[in-house]
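Trainee: Pasting the sequence and the predicted model now:
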Amino acid sequence: MNAFQYLGRNWPGVSAKIAQHLGMVGVAVAASLVVGLALGIVVSRPRLQKVGRAIIGITGAAQAVPSVAVIALMFVYTGIGPRTAVIALSIYGVVPILFNVSSALLLVPADIREAARGMGMTPLQVLVRVELPLASQSIMAGLRTAVTIDVSTATVASVVGAGGLGDIIFIGLSVVRPDMIMAGTLLVASIAILSDVLLAFIQRSVVSRGLSIPS
Amino acid sequence: MIELDSVTKRYGDKTSVDRLSLTIPDNAITILLGPSGCGKTTTLKMINRLIEPTDGDIRIDGHSVYGMDPIDLRRSIGYVIQEVGLFPHFTVEGNIGVVPSLLDWDRGRIRRRAGELLELVNLDPSVYLRRYPRELSGGERQRVGVARALAADPRVLLMDEPFGAIDPINRRSLQDFFLRLQTDLKRTVVFVTHDIGEAVKLGDHIAIMRDGRLVQMDVTRALLEHPADAFVEELLGATRSTEQLLLYRAAHYVDTAFTVMTTEEMHRSGVEAEAPLIILKDGDDISGYVEKGLLVTCEDPQEAVCRFETVSGNATLLEAVTTLLESGRKRAVVQGPDGTILGTLSVPMVAEIMAKVAR
């Protein structure tokens, strides 16, 4: 049997695994985005910029920690099940988002911020109308990194009993079924690619065209 | 009228602005001039409360700015900084619409206003409304910057070295443009610069600052003629004649002995037209001028007509002389912003003026 025959014959079960996989990634990415944005905004405020620069250093380094290690570590605290996987994925996904949000916000030129203030924007308006749009390209890049990492790392979540497409690959490994391994791998890779394409599309509508013009 | 009353700003031990008292008159351009670090930008930013003073009071039309909500205050004041102040993620329309949208104007009204303002600053709305700042030249950006500051029709404009990042040629034309604009708009403008030529060209009044204090404030010409002390004199560049030429506006030094007539009138009266200097103006076109006495020697009056250069009354004497020398013409006709003839200028006249000023 090849991978496609396997998928065809087991579609109901496979689609449930896809749903589990997407569910874990979706919840984790949403949590990472909320936490990463919020923390990134806080540490880029003028009074906290020292903290902000430290965060950029720490998150930059933290991206080198293997994602599997985070899942293994989380397992020690929260045991088996999807909860462990989602928490681990959320933590891991915060890193690139926080890194990109805080570095992009710290890069918004001080004169632009002052011009916004000088025209009568409240601090919230400066953030929403000026700072976040100027940082949007970088924020979207961080989000895309987080999604790609989470989609592939969620495969390992199978090890802590969280289900997802990892189940197909790991069962395939233990019973030596190359068609299952291939099917699982193909699905994970397709989801990673498709979600990135989708986000690239969203990025185009979120990021102002004025920013992609070379100055 | 903006009154600064003993305004002081200290950062730790350093006093940036020291008991500065200054009255900025309505409907005129007042320049804050001084070397870098003299506190002029700090002073400007205290007017719209971007910087809060350590001590003292600032009043606009008698109302202390510290009794107003800083957000409302800033929305009521136009603010122009160097070209980086435009938001790159907004179109020209979005940039001009910043303050109106903060004031909750509806979209249609914002678009109409943006179009109006672009026309005012000589940019075609159908071309420029949808463009982004990075698609504009430096000069165009600065025009948009001025348009943006005028969006909600503020009475007061604060301008912080707005033309500083522009090359000299474009800067000169932006200055001329801004002066023409101000002739119609008559806003109360506070303009920070360290460029003496710019200060003299634009300023109705100049306030000279040094080390956070006011050294001298006066009407531009009075200040040039009676510098309060050696510092002002040096700042005004009394040591070099070319710098001096920058200090005087052509309008103030023209030869006003002339009569205007049409070509036809000149032909008709011929030698009889022995006025001091005849400027030929047919309708709106100035076609030339005739020096005193030349008509007598010419059989055909047309031979006596000389070509000329036109110079704006707001141009500095340096600009006028440069124009004359580059063109090789003997005289320049100096025109006011509305096209009226103010008089004429020649290189020997400028030399004479400089000799007189140098004493």
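Mentor: Noted; the coordinates are in hand. Numbers count the residues shown, from 1 in each chain, chains lettered A, B, ... in the order given.

Trainee: Averaged pLDDT, the one helix or strand residue A:116 maps to. What do you get?
Mentor: According to DSSP states H and E, residue A:116 maps onto helix A:110-118. The pLDDT scores in helix A:110-118 average 92.

Trainee: Run through who's touching it.
Mentor: For helix A:110-118, the surrounding residues in contact (CB atoms under 8 Å, 6 or more residues apart in numbering or on different chains) are A:123, A:125-126, A:129-131, A:134, B:45, B:48, B:50, B:74, B:79, B:81-82, B:84-87, B:98, B:158. All C-beta atoms are positioned from the backbone trio N, CA, C, and that covers glycine.

Trainee: For the stretch 51-200 of chain B, which residues are neighbours of chain A?
Mentor: Residues of the stretch 51-200 of chain B lying close to chain A by CB under 8 Å from any CB of the partner chain are B:71-76, B:79, B:81-82, B:84-91, B:98-99, B:102, B:132-135, B:148, B:158.

Trainee: Take the residues you listed and keep only those in strands.
Mentor: Among these, the members falling in strands are B:79, B:158 (criterion: DSSP state E).

Trainee: Mind giving me the PyMOL select for the residues of the stretch 51-200 of chain B next to chain A, buried ones only?
Mentor: The command below creates a PyMOL selection of those among these that count as buried (16 or more other CB atoms under 10 Å in any protein chain shown):
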select buried, chain B and resi 71+73+74+75+76+79+81+82+84+85+86+87+88+89+90+91+98+99+102+132+133+134+135+148+158
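
Trainee: Leaving out the residues flanking it, which one is nearest to the one residue sitting closest to the centre of chain A?
Mentor: Nearest residue to the geometric centre of chain A (CA atoms, centre = their mean): residue A:146, 2.1 Å. Of all residues not flanking residue A:146 in the chain, residue A:93 sits nearest, at 3.8 Å (CB to CB, 6 or more residues apart in numbering or on different chains).

Trainee: Would you mind naming what in chain A lies close to chain B?
Mentor: So far as CB under 8 Å from any CB goes, chain A lies against chain B at A:109, A:111-112, A:114-122, A:125, A:130, A:133-134, A:136, A:208-211, A:213-215.

Trainee: rerun at 6 Å
Mentor: A:111, A:115, A:118-120, A:122, A:133-134, A:208, A:210-211, A:213, A:215 (CB under 6 Å from any CB of the partner chain).

Trainee: still on that earlier bit, what residues of the helix holding residue A:116 count as buried?
Mentor: So for helix A:110-118, counting by 16+ other CB under 10 Å, buried means A:112-118.

Trainee: So what's the model's average confidence on the next helix-or-strand element following it?
Mentor: The C-terminal neighbour of helix A:110-118 among helices and strands, as given by DSSP H and E, is helix A:123-125. Across helix A:123-125, pLDDT averages out at 95.

Trainee: just checking, next helix/strand downstream of helix A:123-125?
Mentor: Next element after helix A:123-125 (DSSP H and E): helix A:132-153.

Trainee: is it true that residue B:342 touches residue B:254?
Mentor: Yes. In terms of CB atoms under 6 Å, residue B:342 counts as a neighbour of residue B:254; the distance is 5.1 Å.

Trainee: which neighbours do those two share?
Mentor: Taking CB atoms under 6 Å, 6 or more residues apart in numbering or on different chains as the contact rule, residue B:342 and residue B:254 both touch residue B:334.

Trainee: May I ask you to name the longest helix in chain A?
Mentor: helix A:11-43 (DSSP state H).

Trainee: tell me which residues in that one are buried?
Mentor: Under the neighbour-count rule (16+ other CB under 10 Å), helix A:11-43 has A:14, A:17-18, A:20-25, A:27-29, A:31-33, A:35-37, A:39-41, A:43 buried.

Trainee: Tell me what angle it forms with helix A:132-153.
Mentor: For helix A:11-43 against helix A:132-153, the angle by axes from the mean of the first three to the mean of the last three CA atoms, to 10 degrees is 140 degrees.

Trainee: and helix A:11-43, how far out from the chain's middle?
Mentor: 7 Å (CA atoms, centre = their mean, to the nearest Å).

Trainee: Quick check: what element follows it along the chain?
Mentor: helix A:49-62.

Trainee: Return the list of helices and strands in contact with that following helix.
Mentor: helix A:11-43, helix A:82-106 (3 or more CB pairs under 6 Å, 6 or more residues apart in numbering or on different chains; DSSP states H and E).

Trainee: Go through that helix and flag the buried ones.
Mentor: Result for helix A:49-62 [16+ other CB under 10 Å]: buried residues A:52, A:55-56, A:59, A:62.

Trainee: Can you tell me which of those residues is closest to chain B?
Mentor: Checking these against chain B with CB to the nearest CB, the nearest one is residue A:52 at 21.7 Å.

Trainee: just checking, the closest one touches residue A:103?
Mentor: No. Judged on CB under 6 Å, residue A:52 makes no contact with residue A:103 at a distance of 8.5 Å.

Trainee: got TSV for the helices and strands packed on helix A:49-62, with mean pLDDT too?
Mentor: TSV is the format used below for the helices and strands packed on helix A:49-62 (pLDDT from 0 to 100):
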stretch	mean pLDDT
helix A:11-43	94
helix A:82-106	91
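
Trainee: what would these look like in TSV with distance to residue B:200?
Mentor: Below are those laid out as TSV (distance: least, CB to CB, whole Å):
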stretch	distance to residue B:200
helix A:11-43	46
helix A:82-106	41
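
Trainee: Might you report the residue contacts of whichever residue of the stretch 151-300 of chain B sits closest to chain A?
Mentor: Here the residue of the stretch 151-300 of chain B nearest chain A is residue B:158; by CB to the nearest CB that distance is 7.9 Å. Applying CB under 6 Å, 6+ apart to residue B:158 gives the contacts B:44, B:47-48, B:79, B:190.
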